[in-house]
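Chemist: Sequence and predicted structure, then a few things I'm wondering about:
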Protein chains: 2
Amino acid sequence: MPATIRDVARASGVHVSTVSRAFSAPHLVNAETRAHVLAAAEELGYRPNRAARALITGRTHNIGLIVADIANPFFPPLIKAAESHARGRDYHVFVADTNEDAGVEEELVLALAKQVDGVLLCSPRMSNTQIEQLSREVPLVVVNRPVPGLPAVVMDVAQGARLAVEHLVSLGHRSIALLGGPRGSWTNREIRRSATLAARTAGAELVVVGPNPPTEESGSAAADAVLRAGVSAVLAYNDLMAVGLIDALDHRGVKVPDQISVVGIDDTALSRRTRPMLTTVATPTAAAGRAAVDMLLQHGDDRRTTALVTLQTELVIRDSSGPGPHRTAGPGGRHQPPVDGVASESRE
Amino acid sequence: MPATIRDVARASGVHVSTVSRAFSAPHLVNAETRAHVLAAAEELGYRPNRAARALITGRTHNIGLIVADIANPFFPPLIKAAESHARGRDYHVFVADTNEDAGVEEELVLALAKQVDGVLLCSPRMSNTQIEQLSREVPLVVVNRPVPGLPAVVMDVAQGARLAVEHLVSLGHRSIALLGGPRGSWTNREIRRSATLAARTAGAELVVVGPNPPTEESGSAAADAVLRAGVSAVLAYNDLMAVGLIDALDHRGVKVPDQISVVGIDDTALSRRTRPMLTTVATPTAAAGRAAVDMLLQHGDDRRTTALVTLQTELVIRDSSGPGPHRTAGPGGRHQPPVDGVASESRE
DNA sequence: TCAGGGACTACAAACGTTTGCAGCAGAACT
DNA sequence: AGTTCTGCTGCAAACGTTTGTAGTCCCTGA
């Protein structure tokens, strides 16, 4: 029923190959022939069948975008930016959600492989070797994690975590909890490494609580552990957990930031909506989406590029972080120093 | 490079048609032949090329999902549910974002038409006739708006708006503002119609402020207009605008709900995160996504079905709505916090 | 003994494109 | 005048599948 290239050829009295060229290689066909063809095509409402084209050219003009959880507020801006950027380059985007499950991830990449020119793998939970293996099936760009031998775009969360810790220390905090994220996450390891180092350098103590799933509920659930740790400040793996934590603290009557400071990571839309507004590390998610699309389209078929794009992060200071017990200028003594013995909680 | 059906045929010593049937019509091929074939396929890492299959069968096993704004918190749960539901039925989903632009909508449907078995059009801004026209190119299911002659799934926002108004009136509000949404939106018209009727029936006054874009900023921007209207309560087109409004009121030192009550619509994740927590009308977005996928897969090619699924909404009473100036039960001047009796207002 | 049928399997056309090659006219050189 | 080149167009094969048709073989029943 829908018009094919053959219908257009018949209607304009030329061969199908000429019609094809009129669209995809205009310089090879006479200008007025081309005008005829285009007119006939318009008349018939012809639109090329991309599947057929893909079959012979090998390029589908589609890309896959695999994320852990569409509903996690971290991802929509990334998805939106990637989709819009891709469409501007005449690519369409399959979006898929893994529910934070590594098995589903692999399955999805394989299922999409034949249908796309490449896949953007965001915050994967798979192992590096698994990912490398998959990259033999389809070009891959990894987001939020460097994988040796593969193109990737990451955020400099290490810098962000350092800034956050330094910020807290400068406010007078000497005992800080790190509310850890999911186990397989590279970002989580980076944050932990960098925060630990920054704390040691600044002469503060860092206790790790976790790992935890990166959800609001898990942030709330960690409230008691955080309180038991006796810290005066918390750096959370992401905004979602920070928000959950603040909520739970609120329920327990613990004031933020008066009794405990909370810093998030990601600067999602959420962070401006909490009371107090969340101090957080801004990660450029939209830019990451665009950069990943660019890398995919640029590298095309030559897998095994080792390109790594690192995007800068910055600390956004709002209201959830305040003076701590060791504030040099302030009147000391309101908070009791951290109790020890609870820190053992935290081994991974 | 990737293994084709021909490679499998060669490896297992049978004809390609047998391989094909081993996958798509197992009962037509001898059990042990089939075992051989599957083994060879596994060995070679063969995965059928869906584009080639689509070319001949006419079914791509893909669907398109077009939304106004991926980053609007209303949509991610819908997208997530639709994608997961579709994948369970062996369908993949193209997601696209129109930026609330009717022109982009049409362009997208057309671009996707040949690549999908159908398109889910969410909250379209196009005219009915435009939509009907497009439905001749590709099966369409419309979400959040009934289009005569097309399958659609809508939320009963009229009921939701009525419940919200009745709730406010029962709290003692006699003058209510409706913070309108975008002009082309059917939902907006429904809310307006129903709220107006409900107010008149209850003997209250309803003033409409708008139309407005459905964003947080626009909610904030409307604060002055709302205050000038001299109302004691506001029903907003969606949670996003309600949140923006609450923020702006807060900045002006106006207390919610003490001085003015605010009710949202959608019950997005946001609504539990505002202070005070938002009273809102819950719309079953995930269910809508699933229902739309079902309708699309069910109706398949026979367009022009007139099926309309209406999903119920309910009022979720939280803390942003409180007693108004005409509270009958209230003693003298001062308001009291909402009591339990109010909850009976919400039905299912 | 043979017709009829059942259970498989092979053959080949088809889906809608793209693209290397060949052909052809006319222009431009030698 | 002959050769080469240029600009354009047609021909046909190919991409990886599915599927209608036509075998082939063997079994059954009369």
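Modeler: Received it, and whenever you're ready, just let me know what you need.
Chemist: Make sure residue A:163 is actually in contact with residue A:281.
Modeler: Yes. Between residue A:163 and residue A:281 there is a contact under CB atoms under 8 Å: 6.8 Å. Yep, even glycine has a C-beta here, placed from its N, CA and C like the rest.
Chemist: Mutual contacts of these two, please.
Modeler: A:313-315 (CB atoms under 8 Å, 6 or more residues apart in numbering or on different chains).
Chemist: Switch those over to CSV, and while doing so, append neighbour count, secondary structure and distance to residue B:186 to every line.
Modeler: Output for the shared contacts of residue A:163 and residue A:281, formatted as CSV (neighbours: other CB atoms under 10 Å in any protein chain shown; DSSP: H, G, I helix; E, B strand; the rest coil; distance: CB to CB, whole Å):
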residue, neighbour count, secondary structure, distance to residue B:186
A:313, 24, coil, 42
A:314, 13, strand, 42
A:315, 20, strand, 44
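Chemist: List just the nearest of those residues to DNA strand C.
Modeler: Of all those, residue A:313 has the smallest distance to DNA strand C: 42.0 Å, by CB to the nearest atom of the strand.
Chemist: ok so, going back, in JSON lines, list the shared contacts of residue A:163 and residue A:281 along with distance to DNA strand C and pLDDT.
Modeler: JSON lines is the format used below for the shared contacts of residue A:163 and residue A:281 (distance: CB to the nearest atom of the strand, whole Å; pLDDT from 0 to 100):
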{"residue": "A:313", "distance to DNA strand C": "42", "pLDDT": "97"}
{"residue": "A:314", "distance to DNA strand C": "45", "pLDDT": "96"}
{"residue": "A:315", "distance to DNA strand C": "49", "pLDDT": "97"}
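Chemist: got the residues of the stretch 1-150 of chain A near DNA strand D?
Modeler: A:13-18, A:21, A:27-31, A:33-34, A:52, A:55-56 (CB under 7 Å from any atom of the strand).
Chemist: Could you measure from the closest residue to residue A:97 other than its chain neighbours over to residue B:207?
Modeler: Of all residues not flanking residue A:97 in the chain, residue A:70 sits nearest, at 4.7 Å (CB to CB, 6 or more residues apart in numbering or on different chains). Separation of residue A:70 from residue B:207 (CB to CB, to the nearest Å): 38 Å.
Chemist: For these two, work out which one has more neighbours and name it.
Modeler: Between residue A:70 and residue B:207, residue A:70 has the larger neighbour count (other CB atoms under 10 Å in any protein chain shown), namely 26 against 15.
Chemist: quick one: that one and residue B:79, what's the gap?
Modeler: 5 Å.
Chemist: Overlap in contacts, these two.
Modeler: residue A:95.
Chemist: Now for the residue nearest to residue A:97: which residues touch it?
Modeler: A:76, A:79, A:95, A:97, B:76, B:79-80, B:83.
Chemist: ok, how many other residues are close to residue A:245?
Modeler: Around residue A:245 there are 29 residues (other CB under 10 Å).
Chemist: returning to that earlier point: more neighbours, residue A:163 and residue A:281?
Modeler: residue A:281 (28 against 19).
Chemist: Going by secondary structure, the more buried one is in what exactly?
Modeler: strand A:279-282 (DSSP states H and E).
Chemist: what's downstream of that strand, the next helix or strand?
Modeler: helix A:285-299.
Chemist: pull the CA atoms of the helix or strand just after that next one into CSV?
Modeler: Downstream of helix A:285-299, the next assigned helix or strand under DSSP H and E is strand A:308-311. Provided in CSV are the C-alpha atoms of strand A:308-311 (Å, rounded to 0.1, in the frame of the first residue of the first chain):
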residue,chain,number,x,y,z
LEU,A,308,38.1,9.0,26.7
VAL,A,309,36.2,12.2,27.3
THR,A,310,36.1,13.5,30.8
LEU,A,311,33.6,16.2,31.7
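Chemist: what's the distance between strand A:308-311 and the middle of its chain?
Modeler: 13 Å (CA atoms, centre = their mean, to the nearest Å).
Chemist: so for that strand, what's the average pLDDT?
Modeler: Averaging pLDDT along strand A:308-311 yields 95.
Chemist: Stretch A:135-148 too?
Modeler: Rounded mean pLDDT across stretch A:135-148 is 93.
Chemist: Helix, strand, or coil at residue A:208?
Modeler: Taking DSSP: H, G, I helix; E, B strand; the rest coil as the rule, one finds residue A:208 in the strand state.
Chemist: Report the beta-bridge partners for it.
Modeler: Per DSSP bridges, the residues bridged to residue A:208 are residue A:178.
Chemist: My read is that it contacts residue A:188, right?
Modeler: No. Judged on CB under 8 Å, residue A:208 makes no contact with residue A:188 at a distance of 10.1 Å.
Chemist: List the residues that are in contact with both of those two.
Modeler: residue A:180.
Chemist: Next, the buried residues of the host helix or strand of residue A:225.
Modeler: Assigned by DSSP H and E, residue A:225 belongs to helix A:223-229. Buried residues in helix A:223-229, counted by 16 or more other CB atoms under 10 Å in any protein chain shown: A:223, A:225-227, A:229.
Chemist: pLDDT for these - can I get that in CSV?
Modeler: As requested, the buried residues of helix A:223-229 are arranged in CSV below (pLDDT from 0 to 100):
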residue, pLDDT
A:223, 96
A:225, 96
A:226, 96
A:227, 96
A:229, 95
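Chemist: hey, where'd the strands end up in the stretch 1-150 of chain A?
Modeler: For the stretch 1-150 of chain A, the strands defined by DSSP state E, counting those that start in this stretch occupy A:62-67, A:92-97, A:119-122, A:140-143.
Chemist: helices or strands up against the last one?
Modeler: Spelled out, it's strand A:140-143. strand A:119-122, helix A:128-134, strand A:152-155, helix A:285-299 (3 or more CB pairs under 8 Å, 6 or more residues apart in numbering or on different chains; DSSP states H and E).
Chemist: I'd like to know the average pLDDT value across stretch A:40-57.
Modeler: Mean predicted lDDT for stretch A:40-57 stands at 93.
Chemist: neighbouring contacts of that stretch?
Modeler: A:2-5, A:7-8, A:11-12, A:19, A:22-23, A:60-61, B:49, B:51-52, B:54-55, B:60, B:110, B:113-115, B:137.
Chemist: now do stretch A:209-225
Modeler: In contact with stretch A:209-225 (CB under 8 Å, 6+ apart) are residues A:72, A:100, A:177-183, A:185, A:188, A:226, A:229, A:236-238, A:240-245, A:247-249, A:252, A:345-346, A:348.
Chemist: Which positions in the stretch 201-348 of chain A make contact with DNA strand D?
Modeler: Counting by CB under 7 Å from any atom of the strand, no residue of the stretch 201-348 of chain A is near DNA strand D.
Chemist: Low-confidence regions, the stretch 201-348 of chain A specifically.
Modeler: A:300-306, A:328-348 (pLDDT under 70).
Chemist: Point me to the residue of it nearest chain B.
Modeler: residue A:275 (4.3 Å; CB to the nearest CB).
Chemist: What residue, apart from its backbone neighbours, is nearest that residue spatially?
Modeler: Per CB to CB, 6+ apart, closest to residue A:275 is residue B:275, 4.3 Å.
Chemist: Is that neighbour in a helix, a strand, or coil?
Modeler: coil.
Chemist: how close does it get to residue B:318?
Modeler: 11 Å.
Chemist: Between those two, which has more neighbouring residues?
Modeler: Taking neighbours as other CB under 10 Å, residue B:275 and residue B:318 compare with residue B:318 leading, 18 against 15.
Chemist: List phi and psi for that one.
Modeler: Backbone torsions of residue B:318, given as degrees, to the nearest 10, read phi -120, psi -130.
Chemist: Find the residue closest to it in space, skipping its chain neighbours.
Modeler: Here the residue nearest residue B:318, using CB to CB, 6+ apart, is residue B:277, at 4.0 Å.
Chemist: Thanks again, I'm all set now.
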